[in-house]
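1. Okay, structure incoming, though there's no sequence with it:
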């Protein structure tokens, strides 16, 4: 399965979905004008990935801002991962947030309690 790489823009994060490594990385800000257009191919890739996933899927999220449209699609992404986790596919989400950014921390906590998959939280120290 091919990797999916999306370069960052002002309103969308960089995305690196590497099936071979079992790595899903998101970094930047997620405020696309149309979240469905941006996240649709990502969710389709993920559904296909779970036809033959890596032994462990690591999801690395380092988002500085997430709008409500993106939040909905990220929740759907975590639901796909969670469904497959309950079917025996190991996963780990590492949710990065700046130490002063309670909104992003709270969003990660919300996803963790909603989808009930393994989450680690990593504080990015302010400079």
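-> Alright, I've got the coordinates. This one's a predicted model, so the numbers in the text were calculated from it and none came from an experiment.
2. what about the spatially closest residue to residue 14 that is not a sequence neighbour, neighbour count?
-> Leaving out its chain neighbours, the residue that sits closest to residue 14 by Cβ to Cβ, 6 or more residues apart in numbering is residue 8, at 4.0 Å. Placement of C-beta: from N, CA and C, glycine included. By other Cβ atoms under 10 Å, the residues close to residue 8 number 14.
3. pretty sure residue 8 contacts residue 26?
-> No - taking Cβ atoms under 8 Å as the definition, residue 8 is not a contact partner of residue 26, at 9.7 Å.
4. Longest helix of this protein, counting residues only.
-> Assignment by DSSP state H gives helix 68-86 as the longest helix of the chain.
5. Touching the helix or strand following that one from outside, list them.
-> Per DSSP states H and E, the first helix or strand lying C-terminal to helix 68-86 is strand 90-98. Residues outside strand 90-98 that contact it (Cβ atoms under 8 Å, 6 or more residues apart in numbering): 55-62, 64, 78, 81, 84-85, 104-105, 108, 111-112, 117-126.
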